[in-house]
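sequence and predicted model, in that order:
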Amino acid sequence: MSLHRKGRTALVLALVAVVAMAFRVSWNALRDIANAVGADNTAATLYPFVVDGLMALALVATLVLAGRDRTFALRVLGTYTLASLVLNYVHGLVPKLHDAQLDWTRLADWDPANWALVLLATSLPVGSIYFGSDLVAKVLHHRPAPIPASDTNAEKSTEIARNRSTADLPVSTPAPAPVLPVRMPDPVTVDFLKSTPLAKPIPTPAPALLAATERRPVAAESTRTRRATGRVPEVARSARPRRTAAQLLDEARTATADWSDGQVTAEGIRRTVRTSPANARMLRDTLLTERAANTA
């Protein structure tokens, strides 16, 4: 465990050393660029810390933040890295910038390119103020996401299972004792003739009691079969005269006199005349036949 920790510490120290050397190389170029755009000696000395320092701040913010804030920090890091690369590239292309006594000069011979480079060099400090303060605010207000309860329970259960799997005693568990077979007792023969007591005789009732019982009235049994429940008797039904086929046809003609051919259906006739489905179909066919004959 200590060897792993020492390796990580050595890796971090090596990374810090490489970053410090790279900053020293970039510091020289950025200082000359700052002098070329009109900064004094103090401002030119601090100018590399403004550009490369914000890159380090954005890198730390990407390790802390998450979601959209992390994406914003990555964009700031990429933007300032690209800007520092462009300024270092221009410093290598313009030999005049290497003069230590230089106060101001052009960064490019072509006017639009010179204007763009001057705008880039002068806008980086203002951007560092804005983006740097925003990243610091996001880091200070960042709250790490809580660990789900399921993950915590899983870690606890794994730890408990690991502890249970470790033997508490150096001595192994003794073997279980052998189980002896249980012997059942022999069955006992019982003589039912000797053990069963004799039944007592039932006393005969007195003649007077028999005579009183015979004189008691008994309900007469009905020989009439009862009709199954659930069906209404004919007597209880409402008296409604049955209509003949001619009467049904007359009622259907009267009811459908103003109907169109499409409205003359068996279901409509059945509901209007109140008859059976079979009679309704018969009436429909008759009415349609009559209408066809009248039309012809």
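Here it is on my side, so go on.

which parts of the chain are helices?
Along the chain, the stretches classed as helices by DSSP state H are 2-36, 41-64, 68-93, 111-140, 149-165, 192-195, 207-215, 245-255, 266-273, 277-295.

CSV for these, including mean pLDDT?
Shown next, in CSV, are those (pLDDT from 0 to 100):
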stretch, mean pLDDT
helix 2-36, 81
helix 41-64, 90
helix 68-93, 92
helix 111-140, 91
helix 149-165, 57
helix 192-195, 51
helix 207-215, 54
helix 245-255, 86
helix 266-273, 87
helix 277-295, 87
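
with mean neighbour count as new columns, can those helices be given to me in a markdown table?
In short, each C-beta sits where N, CA and C put it, glycine included. As requested, the helices of the chain are exported to a markdown table (neighbours: other C-beta atoms under 10 Å):
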| stretch | mean neighbour count |
| --- | --- |
| helix 2-36 | 13 |
| helix 41-64 | 17 |
| helix 68-93 | 16 |
| helix 111-140 | 15 |
| helix 149-165 | 9 |
| helix 192-195 | 6 |
| helix 207-215 | 9 |
| helix 245-255 | 15 |
| helix 266-273 | 17 |
| helix 277-295 | 14 |
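
ok, now which ones touch the nearest residue in space to residue 73 that is not next to it in sequence?
Closest residue to residue 73 apart from its sequence neighbours, by C-beta to C-beta, 6 or more residues apart in numbering: residue 61 at 3.9 Å. Neighbouring residues of residue 61 by C-beta atoms under 8 Å, 6 or more residues apart in numbering: 69, 70, 73, 76, 135, 138, 139.

what's the most distant pair in these?
Using C-beta to C-beta, the contacts of residue 61 span at most 12.4 Å, a distance reached by 76 and 139.

mind giving me the domain split of this protein?
The chain is divided into the following domains under automatic domain parsing: 2-140, 245-295.

can you give me the first-to-last residue distance of the last one?
According to C-alpha to C-alpha, to the nearest Å, domain 245-295 extends 24 Å from its N-terminal end residue to its C-terminal end residue.

let me see the contact set for residue 39.
Counted by C-beta under 8 Å, 6+ apart, residue 39 has contacts residue 47.

tell me the pLDDT at it?
pLDDT, residue 39: 85.

what do you get for residue 263?
85.

number of nearby residues for it?
10 (other C-beta atoms under 10 Å).

hmm, it is touching residue 255, no?
No. Using C-beta atoms under 8 Å, residue 263 makes no contact with residue 255, being 10.8 Å away.

hang on, residue 266 packs against residue 284?
Yes. The criterion here is C-beta under 8 Å, and residue 266 meets it with residue 284 at 4.8 Å.

now residue 258: phi and psi?
Note on residue 258: its backbone torsions stand at phi -100, psi 20 [degrees, to the nearest 10].

any figure for the gap between it and residue 284?
16 Å (C-beta to C-beta, to the nearest Å).

ok, residue 276 touching residue 269?
No. Using C-beta under 8 Å, residue 276 makes no contact with residue 269, being 10.8 Å away.
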